[in-house]
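Colleague: sequence unknown, structure follows:
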């Protein structure tokens with residue numbers, strides 16, 4: 001289960017309203033822009049409340065596993081009684097791949113399919129509530145896309161993503177190129193920051209600079225009433241937004257050692273990477289539940305998110321250290337130091 005901020009019903013209901021207001025009231029885009037929705041198809045949902053270990057695709061009855069039209073040759077989606085999900089399939093060359101997600105939200109998640117990057121391969125999007133209230137992210141978005149070999153690439157973001165009868169409010173096609181963009185908002189240092197991610201070739205990158213008629217990131221000052229006027233942060237203010245992208249590496253080297261942590265208690269793992277110029281200490285922020293590993297081999301690709309799959313993640317770290325594997329790190333969650341979202345290595 002993703003990080004739960006509260007389990008009581010009243011704060012959850014309050015969050016449903018306040019998080020909606022935060023996202024809408026400080027979003028400096030026009031209605032015409034947000035109406036440029038990227039088309040998605042709702043294909044199923046997972047159980048919530050006292051029924052976390054089931055899901056249903058379309059109008060089918062609740063089941064433990066099912067096939068879905070995702071990836072170059074279809075995929076199998078399975079959930080156990082704890083709500084842990086495993087998605088598996090074969091790439092374009094017939095080699096197996098597997099994605100292991102931590103437990104999906106106990107409040108229930110919704111599954112959508114779409115060709116996000118216009119490569120004629122169906123991708124999967126999962127939106128699950130966190131139960132967060134106040135400024136805490138209200139939902140978690142997971143996007144499973146595929147690279148040029150048909151192997152899975154996972155992207156995760158915590159935010160204030162909204163759904164309605166038309167699909168996902170924050171998935172757009174602002175430049176009308178047939179590929180999806182994701183609106184991501186966070187609050188820092190007195191400002192709401194609106195960031196845009198775009199996907200191509202299965203990988204997501206954070207837009208920095210001009211995109212259409214806007215220049216990203218966008219900043220709106222937090223006020224006591226709705227404020228959708230984009231501005232420039234005042235002198236001395238440095239609002240930070242995380243980089244959740246998986247397109248361009250931030251560090252390459254050899255994994256020399258690591259220090260394990262109790263991620264279920266919001267502790268952070270420490271990674272020590274030997275890179276050009278010396279050893280770099282990195283601290284993935286496990287509190288958000290989005291840090292994970294990608295292990296590549298001749299037998300295929302395995303993707304493992306740490307939160308909810310702690311034993312499997314630790315085994316991968318042991319393997320990478322023992323084999324002195326070259327690792328590639330992507331993303332930056334914190335403004336302070338190396339704080340990757342993903343670690344890739346070859347077995």
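Modeller: Great, that's in hand. Quick caveat, the model's predicted, so the values are computed rather than measured.

Colleague: rest of the way, CA atoms for contacts and neighbours
Modeller: Fine.

Colleague: what residues are up against residue 342?
Modeller: 246, 291, 292, 293, 294, 329, 330, 331 (CA atoms under 8 Å, 6 or more residues apart in numbering).

Colleague: Please repeat the previous calculation with a cut-off of 10 Å.
Modeller: Residues counted as contacts of residue 342 (CA atoms under 10 Å, 6 or more residues apart in numbering) are 154-155, 244-246, 249, 284, 290-294, 303-306, 328-332.

Colleague: Just the ones of these in strands?
Modeller: Per DSSP state E, strands hold the following members of these: 154, 155, 249, 292, 293, 294, 303, 304, 305, 328, 329, 330.

Colleague: Out of those residues, which end up buried?
Modeller: Among the ones in strands among the contacts of residue 342, those classed as buried by 16 or more other CA atoms under 10 Å are 154, 155, 292, 293, 294, 303, 304, 305, 328, 329, 330.

Colleague: show me what contacts the second one?
Modeller: Just to be clear, that refers to residue 155. 125, 141-145, 202-204, 244-246, 290-292, 341-342 are the contacts of residue 155 under CA under 10 Å, 6+ apart.

Colleague: The first one now?
Modeller: Residue 154 makes contact with 99, 101, 124-125, 142-146, 202-204, 246, 290, 292-294, 303-305, 342, according to CA under 10 Å, 6+ apart.

Colleague: And the last one, by the same measure?
Modeller: Applying CA under 10 Å, 6+ apart to residue 330 gives the contacts 243-252, 338-344.

Colleague: Looking at strand pairing, list the partners for the nearest residue to residue 230 once chain neighbours are set aside.
Modeller: Using CA to CA, 6 or more residues apart in numbering and skipping the chain neighbours, the partner closest in space to residue 230 is residue 220 (5.0 Å). Here residue 220 sits in beta bridges with residue 192, as judged by DSSP bridges.

Colleague: correct me, but residue 220 touches residue 234?
Modeller: No: using CA atoms under 10 Å, residue 220 makes no contact with residue 234, being 11.3 Å away.

Colleague: Let me know how buried the residue nearest to residue 297 when sequence neighbours are not counted is, in neighbour terms.
Modeller: In space, and not counting its chain neighbours, residue 297 is closest to residue 347: 5.3 Å by CA to CA, 6+ apart. Residue 347 has 16 neighbouring residues, counting by other CA atoms under 10 Å.

Colleague: what do you get for residue 315?
Modeller: Using other CA under 10 Å, residue 315 is surrounded by 10 other residues.

Colleague: Check the gap between it and residue 221 for me.
Modeller: 44 Å (CA to CA, to the nearest Å).

Colleague: more neighbours, residue 220 and residue 234?
Modeller: Using other CA under 10 Å, the more surrounded residue of residue 220 and residue 234 is residue 220, with 23 against 10.

Colleague: Give me the pLDDT value at that one.
Modeller: According to the prediction, residue 220 has pLDDT 96.

Colleague: residue contacts, it?
Modeller: Counted by CA under 10 Å, 6+ apart, residue 220 has contacts 25-28, 187, 190-194, 226-233.

Colleague: can you give me how far stretch 253-260 is from the chain middle?
Modeller: Centroid separation for stretch 253-260 versus its chain: 24 Å, with CA atoms, centre = their mean, to the nearest Å.

Colleague: Let's verify residue 318: helix, strand, or coil?
Modeller: Assigned by DSSP: H, G, I helix; E, B strand; the rest coil, the conformation of residue 318 is helix.

Colleague: how much space between it and residue 340?
Modeller: Taken as CA to CA, the span from residue 318 to residue 340 is 18 Å.

Colleague: Neighbour count: these two, which is higher?
Modeller: Ranked by neighbour count (other CA under 10 Å), residue 318 and residue 340 place residue 340 first, with 29 against 15.

Colleague: who are the neighbours in contact with that one?
Modeller: 242-246, 249-251, 271, 282-285, 290-292, 328-334.

Colleague: Out of those, which end up buried?
Modeller: 242-246, 251, 271, 282-285, 290-292, 328-334.

Colleague: So what pairs up with residue 279 in the strands?
Modeller: Beta-bridge partners of residue 279, as defined by DSSP bridges: residue 274.

Colleague: Look at it and say how many residues are nearby.
Modeller: So residue 279, with other CA under 10 Å, has 14 neighbours.

Colleague: Can you report how many residues neighbour the closest residue to residue 38 other than its chain neighbours?
Modeller: Among residues not flanking residue 38 along the chain, residue 172 sits closest, at 4.5 Å (CA to CA, 6+ apart). Neighbourhood size, residue 172 [other CA under 10 Å]: 23.

Colleague: Likewise for residue 295?
Modeller: Quick note: residue 295 (other CA under 10 Å) scores 17 neighbours.

Colleague: Nothing else from me, thank you.
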